[in-house]
Every structure is written in structure tokens, then in C-alpha cells.
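Asks: A predicted structure for the sequence below; I have some questions about it.
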Amino acid sequence: MSRADPLVIRRLEYLGPMSAPRGWRPEPKLPEVAFSGRSNVGKSSLINKLVRRKGWARVSNTPGRTREIHFFDVNGTFALVDLPGYGYARISKERKAEWRPLIEGFLRTSPALRGVVQLLDVRRDPTEDDLQMLDFLGELGAPTLIAATKIDKLRKAEAAARLRALADAVGIDEAQVIPFSAVTGEGRDELAAAIVELVRQPSWREEEPDPASADDASADDASADGAGDGR
Ligand code: GDP
């Protein structure tokens, strides 16, 4: 028997799409975890595996139907946010750039966002779009998990080498990359546990240090006064 499931799916509900930067989106009542990656990286497959549904997030969407952000309520405990796959090779340059304002606008402004799962295909070097997305997430300061998809396509030794190369390419510790396969289920529980943990944390946006920590400063002043000038 395997270990206890870190994310038992009891209830799953589609909340709707967001299709424009300041367009409709569901009320940000639940903590949100967004899933990001280029088209065909295996995002729908990973999400389906994560929530243990077949065909929940649509696999191999045609590009025209993937330009919306889809929100799902998982167990009433967090919102799974499926970002549009970017960088689809077969669409024109302008169409390619359309993802930016929508995705970046959402990530920048959603008050409920707790973190992002960035997907990278274990067999490929990160694309320019992948690196730009990771830079953007870095600047935002958003907690980011990396899932290396389609790990089943490589033999063990090859997979280990590719995971190292990926971690190097994106400048993070290898231990932070979660190898994942939608075919074998490898990495599902590890990713689920990491997401559950992310959702438990307070938002990084609320973690800004107290401006000048006013109380401490006045306490220092007071003691300096007391000790200092014995006029
Ligand atoms: P998306 O465009 O990122 O949502 O990618 P999909 O989930 O639609 O997957 C793209 C293609 O990769 C499909 O043909 C999937 O069957 C295949 N695929 C996705 N995940 C895996 C995986 O873990 N292992 C293997 N072998 N194939 C996968």
C-alpha cells in the first residue's frame, strides 16, 4: 500500500474562465495556485492526474481554446488556476504575445495567489518564454514549484542528467524540481503535498516587512536618550 494521499479529492467544481486582463474572474475567496507552462508541456495531463479525473482539464486543446484562465475549486480549500499554455509554435508572433497581459496581469494582481507550479518538459531545454516566465515570477517573488513533466519518456540515468541540466538552466536547486509523469503517476503525491503546503502558507504579498518597524525604532531612541545625555 502506498502512503496516505496528501490531497484526497472530495469535491471539484469548475468556477469559470477569465478571458481578458481586467475581465471577469471568480471572487478570490480561496487561496489560489496557478499552473503555468508552454503549450504541449503536459499541463492538462498533470492537472488531471493531480485531481484524479480523466478529461477534467482538456488534454491537447487546440490553441484557439486555450487562451483563457480556468478556475477550479478543489475541496473548497483552494482554487486551481489553469493558465493558458504559451508559446504555441504554430501560431503567429502577435498571437503568441497575447498571453502576456492576461497571464502577467492575473499573477500580478490576484490577491489570493499563493504560488505557481511552473511546468517544464524534462526532455527539452527551457524556451525563451519559459525563462521569461520564470524571471517574471522571480521579480514578483511568488513561491514557485517546478514540475519536470513526461519523466517516463526517459531512462533513469538520462532522467537524472536532464533534471540536473534543467535545474542549472533555470538556476534553482535540483531538490526543488519535482519529476512528474502523467502516465505512471510518479511525482503526483509529492506535487500534491507541496501544493497543500503552499496553500497553508500566508500570502507572500502580505509578508512585506513592517515599514521601518516603528516600535523598535522608538524603543531604541528612548534607550539612547536614557543612556546617552546625562545633561
Ligand atoms: P498541455 O498542452 O500542456 O495541456 O499538454 P497535454 O496534457 O495536452 O499533453 C500534450 C501531449 O503530451 C499529449 O499527447 C499527452 O498525452 C502527452 N503527455 C502529457 N503528459 C505526459 C507524460 O507524463 N508522459 C507522456 N509519455 N506523455 C505525456
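Replies: Perfect, I can see it now. Keep in mind it's a predicted model, so treat the numbers as computed, not measured.
Asks: CA only for contacts and neighbour counts going forward, please
Replies: Will do.
Asks: What about residue 9, how many residues nearby?
Replies: 13 (other CA atoms under 10 Å).
Asks: swap in the one 5 residues further on?
Replies: Using other CA under 10 Å, the number of residues around residue 14 comes to 14.
Asks: same question, residue 52
Replies: 15.
Asks: pLDDT score for the residue nearest to it when sequence neighbours are not counted?
Replies: Nearest non-adjacent residue to residue 52, counting by CA to CA, 6 or more residues apart in numbering: residue 9, 7.4 Å away. Here the pLDDT value assigned to residue 9 is 96.
Asks: Ok, residue 205 next?
Replies: Listed pLDDT for residue 205 reads 88.
Asks: do the one 4 residues further on as well
Replies: According to the model's per-residue confidence, residue 209 sits at a pLDDT of 57.
Asks: circling back: which helix or which strand is home to the residue nearest to residue 52?
Replies: Residue 9 belongs to no helix or strand when elements are defined using DSSP states H and E.
Asks: Measure how far the helix or strand that contains residue 108 is from the centre of its chain, please.
Replies: Using DSSP H and E, residue 108 sits in helix 99-109. With CA atoms, centre = their mean, to the nearest Å as the basis, helix 99-109 stands 13 Å off its chain's centre.
Asks: Now tell me what touches that helix from outside.
Replies: By CA atoms under 8 Å, 6 or more residues apart in numbering, the residues outside helix 99-109 that reach it are 19, 20, 21, 67, 69, 83, 84, 86, 113, 140.
Asks: which helices and strands sit right next to the helix or strand following it?
Replies: Downstream of helix 99-109, the first helix or strand assigned by DSSP H and E is strand 113-121. When contacts are defined as 3 or more CA pairs under 8 Å, 6 or more residues apart in numbering; DSSP states H and E, strand 113-121 packs onto strand 32-36, strand 144-149, helix 188-200.
Asks: again, only using 6 Å
Replies: strand 32-36, strand 144-149 (3 or more CA pairs under 6 Å, 6 or more residues apart in numbering; DSSP states H and E).
Asks: Point out where this structure drops to low pLDDT.
Replies: Residue ranges of the chain with pLDDT under 70: 1-2, 58-66, 88-97, 207-231.
Asks: From residue 70, how far off is residue 152?
Replies: Using CA to CA, to the nearest Å, residue 152 is found at 27 Å from residue 70.
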